[in-house]
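# only geometry, no sequence info:
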């Protein structure tokens, strides 16, 4: 496992990162997804949303997302300090620090107001996954709840934020499973925790903190698991929601039961949030709706049918992808929710709130590692695909995702192109068609109108790579090559005496270049009836098998790469090397992608070592290196058409980055 330190917990500030499209929140069916819109006093003038994706914590400024007039430069932070899946993250009330916990019980407290985002505390807080966090009003104590992996460890703790010292003994929940917690935001200090299996809400006072058992408190108002607990900003009330579809209101000082509203939703309620005035409660549910509930009296005053908005029509049943698992308010009391498919939706303002937006606004993208990208300069878009089978379209001008595609007839809103299989490769061909290869051994086609065609082309072997010229696409499978013409006619598998690893096609579809496991580059002429004739072999082109090939725009130079070396070949001069082996050899792991600048003077490379390199043919001894560009590896890289020094990259961290 790769180590994490201050140097690679985020993209270094010295890098020329212009803009970034962050990943969507990670979601799990049946579990709450934590969104935090309370970004603290330090960020009071900004609309900031915090959530987790995989092993990363995402902080995005939503002003740039909602308004096209706001500059999107450097409006996103991806914190990559965890080595396990992040399950909870919260801003401190000061806004200067963030506490984040992961599936292995590790808690990290790190600075947000420092450009290097240095870690202040890194401890094993629980033996199992951390499910929720809460700061006290002084930003000095943190309550942590979650699960334990044994019979004696705690599932709830409260610690000092800088030393990790325990500040008392919180009450433990049945079977060591707690789901939510919250600090009273003023004195006297109180902590409430909610249980999964015991359906209890426990009340703790301190410091040092101990459970309160006397008085008028009510801890058994729920009949099923408690999913979320929230204090008002003045500490006068507590609200809890759960799997029993009920909302319960308590007194903030004594936890006396004030009111209870049952059957608020038709499905489990996963999250709740107070608005800025503490007069209304936002809830979200698996029934695909969000509801606004007044605190006095406790009643539903507005309903948003988010599932209907996402699907575009009413339905008797809620699509799996439209079930809502998280919600919060961001600046100006704008409600936002997240569905199981990861899409974030900003909700239009109801009549009883003064601020907000007028219409639904959805933010889509990727929530899983991106495996590659394909440009379509004629339409000003590019396409990306991920390991969950999602295909997404982006605008090259604004770097915003415009849509995700689904198979014809699919109504689950999970946006999977190849069923449950991973997309392994994609490319574009003339006419605006997109071809994707999946591990279900099929090739799917998206037409220029954005329609996914019903009849996928079946392969006899698993596709691993694909490249195209104008009308011809060539697929590398584990058995050999498959040729596809006009995005419709497909050849049988062409088998060779070596194992193909990479491929590229000339712009006029006349020549195919294949990089092999034999370390050679094989050059083929394309004949009629899907036949290839070998015309040349660049023998001993590399020391290792060739993983990437890329032709220059003028078709005079061929770049090739293995696990370390990048070579450039002169096609007009009998394939003589322009850059030979052991010259451009600074990647430390497999080189995955190559891209030429519009004038063919620069070559960009991205690899599994998380690095991007820029190489100059005019000054071969010079290079630019951007380490830690994408955690998990750079899987796609392209120069934006017409902009010589603007580079777009994608990676296994689910991010799309634009470099200046």
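Received it, and whenever you're ready, just let me know what you need. Every value quoted in this text rests on a predicted model; they were computed, and no experiment measured them.
# how about the strands in the stretch 551-660 of the chain?
Along the stretch 551-660 of the chain, counting by DSSP state E, counting those that start in this stretch, strands occupy 557-561, 566-570, 576-584, 591-596, 602-607, 612-616, 623-626, 634-639, 647-651, 656-659.
# quick check: angle from the third one to strand 557-561?
For the pair strand 576-584 and strand 557-561, the angle between their directions (axes from the mean of the first three to the mean of the last three Cα atoms, to 10 degrees) equals 30 degrees.
# buried residues in strand 576-584, which are they?
578-579, 581, 583-584 (16 or more other Cβ atoms under 10 Å). In short, each C-beta sits where N, CA and C put it, glycine included.
# ok, which pair from those is furthest apart?
578 and 581 (12.2 Å; Cβ to Cβ).
# ends of stretch 407-425, how far apart?
17 Å (Cα to Cα, to the nearest Å).
# hmm, I typed the wrong one, I wanted stretch 634-647.
First residue to last in stretch 634-647 (Cα to Cα) measures 13 Å.
# my guess is residue 101 contacts residue 87. True?
Yes. Applying Cβ atoms under 8 Å, one finds residue 101 in contact with residue 87, separated by 5.9 Å.
# more neighbours, those two?
residue 101 (29 against 26; other Cβ atoms under 10 Å).
# list the contacts of the more buried one.
86-89, 107-108, 125-126, 129-130, 133, 144, 146 (Cβ atoms under 8 Å, 6 or more residues apart in numbering).
# ok, now how distant is it from residue 646?
Note on residue 101: its distance to residue 646, by Cβ to Cβ, to the nearest Å, is 37 Å.
# now swap in residue 316 and tell me
47 Å.
# of the two, who's got more company?
Each of residue 316 and residue 646 has its neighbours counted (other Cβ under 10 Å); residue 646 has more, 18 against 4.
# in this structure the more buried one contacts residue 638, no?
No. Residue 646 lies out of contact with residue 638 (Cβ under 8 Å); the separation is 9.8 Å.
# how many residues are close by the nearest residue to residue 369 once chain neighbours are set aside?
Leaving out its chain neighbours, the residue that sits closest to residue 369 by Cβ to Cβ, 6 or more residues apart in numbering is residue 652, at 4.0 Å. Residue 652: 21 surrounding residues under other Cβ under 10 Å.
# and the pLDDT for residue 652?
Residue-level confidence at residue 652 comes out at 97, pLDDT.
# next: residue 586.
pLDDT for residue 586: 96.
# coming back round to it: shared neighbours of residue 101 and residue 87, anything?
Joint contacts of residue 101 and residue 87 (Cβ under 8 Å, 6+ apart) are 129-130, 146.
# make a markdown table out of those residues and add neighbour count and pLDDT.
A markdown table is the format used below for the shared contacts of residue 101 and residue 87 (neighbours: other Cβ atoms under 10 Å; pLDDT from 0 to 100):
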| residue | neighbour count | pLDDT |
| --- | --- | --- |
| 129 | 20 | 98 |
| 130 | 27 | 98 |
| 146 | 30 | 98 |
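# next SSE downstream of the helix or strand of the chain with the lowest mean pLDDT?
Of the helices and strands making up the chain, the lowest-confidence element is helix 62-66, at a mean of 73, by mean pLDDT, DSSP states H and E. Counting by DSSP states H and E, the next helix or strand C-terminal to helix 62-66 is strand 76-79.
# strand partners (parallel or antiparallel) of that following strand?
strand 56-61 (antiparallel) (DSSP bridges).
# ok, and what's touching the partner strand?
Contacts of strand 56-61 (Cβ under 8 Å, 6+ apart): 22-23, 25, 46-52, 75-82, 86, 89, 98, 100, 112, 631, 653.
# chain center to that strand: distance?
10 Å (Cα atoms, centre = their mean, to the nearest Å).
# give the rounded mean pLDDT of it.
Here the average pLDDT along strand 56-61 is 96.
# then stretch 103-123?
94.
# so for it, what gets flagged as buried?
Those would be 103-110, 112, 117, 119, 121, for stretch 103-123 by 16+ other Cβ under 10 Å.
# from the residues you listed, which is closest to residue 203?
residue 107 (23.3 Å).
# what's across from the closest one in the sheet?
residue 101, residue 123.
# if I pick it, what's in contact with it?
99-101, 121-125, 130, 133, 142, 144, 164.
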